[in-house]
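J.: missing the sequence, but the structure's below:
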């Protein structure tokens, strides 16, 4: 067992876990942050995408112990209870989801795309950058539209890009 | 996963101490392949030694006529580095097609080459660009480093510190990714400098990454895609699995090599 201290969605967290615990298991099972999903569990589908020290990672391929001392941001930590994050709002506006299972991963990936490519995204860039996130039911089109629109909206709120 | 003890030492001496006399310990870089391996119970290290807190293993710099990349440097950082793009653009391009964005944010060059997956991209870069792998005890030429499937010249307790890539020449990497895993089904890195040509093939060989010396000789004589028209790798020596036959991979390797050559010719 190991005791970990990290910041999750801006709040300090202490947890004692077996060394084999994955970050996604810590988030879901110990911290009840079930917005981070598990689907393939083999680092392909991206449903488990979270931000670790500011960059998108697949929480099914990171050990919880590797996040000791780190900042972890999940889909629950973006936006606020009164106001959706611009990327979340864009997914709602553009109906960038159907069953919603991939959506948290898509949203976290979308925010990382903005971090790396800026807010003026074209369709080709978004499609290429979503390589690590798989959707079963929307056919991606509205997801791409949502991410492009969410990126534009993030330009208007610089602090939201954090 | 089988149980293991996790360590996160703060310096290289502590890493060496943990490794000493412990052949069952594993170093953890980004973990993008190792953690998947542990989950499948295909590896059972007694100890996992996380290198993330060790200073001096990350970073990209130019030293004389070499581009120096720290072993713990993430793929995303290589791909986006202005220095890499200027000094050795093929390396930035190659790093940018490894896995996917989240994997590139996390995976490291040292971890990739230490693992020597037969389908990984960096082994082709190291071999074709004549890189030198610097460890905590010696310098190993890439041609002596990659020994075979998941096998390298590293001793169990040896630590990769950085990789030196000579600057110069023209190069291109053409990769046919597996649609699901995005590992190379065949990848060809072609480098040309003066009268010398190097061609490294990854993804296809049963023994891992290899130099296609027959193609190198033909290209040294006539650097055009047409020079390769009558050359083919032996399908019997290529990986055959559910994704493709050996003959298919042999064919793909030829196509990728010709594309890489065409791109270099195009660039002038």
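T.: Nice, thanks for sending it over. Quick caveat: nothing in here was measured; it's all calculated off a predicted structure. Numbering: from 1, shown residues only, chains lettered A, B, ... in the order given.

J.: Skipping adjacent residues, who's closest to the closest residue to chain B within chain A in space?
T.: Nearest to chain B, among the residues of chain A, is residue A:132, at 2.8 Å (Cβ to the nearest Cβ). From N, CA and C alone the C-beta is placed, and that goes for glycine too. Spatial nearest neighbour of residue A:132, excluding adjacent residues (Cβ to Cβ, 6 or more residues apart in numbering or on different chains): residue B:100 at 2.8 Å.

J.: Could you verify my assumption that that neighbour touches residue B:182?
T.: Yes - at 6.3 Å, residue B:100 and residue B:182 qualify as touching, with contact defined as Cβ atoms under 8 Å.

J.: Just confirm residue A:12 is within a strand.
T.: Yes - Residue A:12: assigned to a strand according to DSSP: H, G, I helix; E, B strand; the rest coil.

J.: Look up how far residue A:73 lies from it.
T.: 14 Å (Cβ to Cβ, to the nearest Å).

J.: quick one: which of these two has more around it?
T.: More crowded of residue A:12 and residue A:73, by other Cβ atoms under 10 Å in any protein chain shown: residue A:73, with 21 against 8.

J.: Which secondary structure state is assigned to the residue lying closest to the more buried one once chain neighbours are set aside?
T.: Nearest residue to residue A:73, sequence neighbours excluded (Cβ to Cβ, 6+ apart): residue A:51, at 4.0 Å. Using three-state DSSP, the structure places residue A:51 in strand.

J.: got it, and residue B:161?
T.: Residue B:161 - assigned by three-state DSSP - is strand.

J.: can you tell me which residues contact it?
T.: By Cβ atoms under 8 Å, 6 or more residues apart in numbering or on different chains, the residues touching residue B:161 are B:56, B:57, B:70, B:71, B:134, B:135, B:136.

J.: Just the residues you listed: which are in strands?
T.: Within those, residues falling in strands by DSSP state E are B:70, B:134, B:135.

J.: Neighbour-wise, which one of those residues leads?
T.: Among the ones in strands among the contacts of residue B:161, residue B:70 has the most neighbours (other Cβ under 10 Å), with 21 neighbours.

J.: Run through the bridge partners of that residue.
T.: residue B:162 (DSSP bridges).

J.: Surely it and residue B:162 touch.
T.: Yes - the pair residue B:70 / residue B:162 is scored as a contact, 5.1 Å apart, by Cβ under 8 Å.

J.: overlap in contacts of those two?
T.: Common neighbours of residue B:70 and residue B:162 (criterion: Cβ under 8 Å, 6+ apart): residue B:57.

J.: Compare neighbour counts for residue B:100 and residue B:182 and give me the winner.
T.: When neighbours are counted by other Cβ under 10 Å, residue B:100 comes out ahead of the other of residue B:100 and residue B:182, with 22 against 19.

J.: which residues sit in contact with residue A:107?
T.: Contacts of residue A:107 (Cβ under 8 Å, 6+ apart): A:75, A:78, A:85, A:87, A:88, A:91.

J.: Which of the three states applies to the last one?
T.: In this case it means residue A:91. Following three-state DSSP, residue A:91 is assigned to helix.

J.: so the most centrally placed residue in chain A is in which element?
T.: Taking Cα atoms, centre = their mean as the criterion, residue A:108 is the residue nearest the geometric centre of chain A, at 2.6 Å. Using DSSP states H and E, residue A:108 sits within helix A:103-117.

J.: Please see if the helix or strand just after that helix touches chain B.
T.: Sequence order places helix A:123-129 as the next helix or strand after helix A:103-117, per DSSP H and E. Yes - Helix A:123-129 is in contact with chain B by Cβ under 8 Å from any Cβ of the partner chain, via residue A:129.
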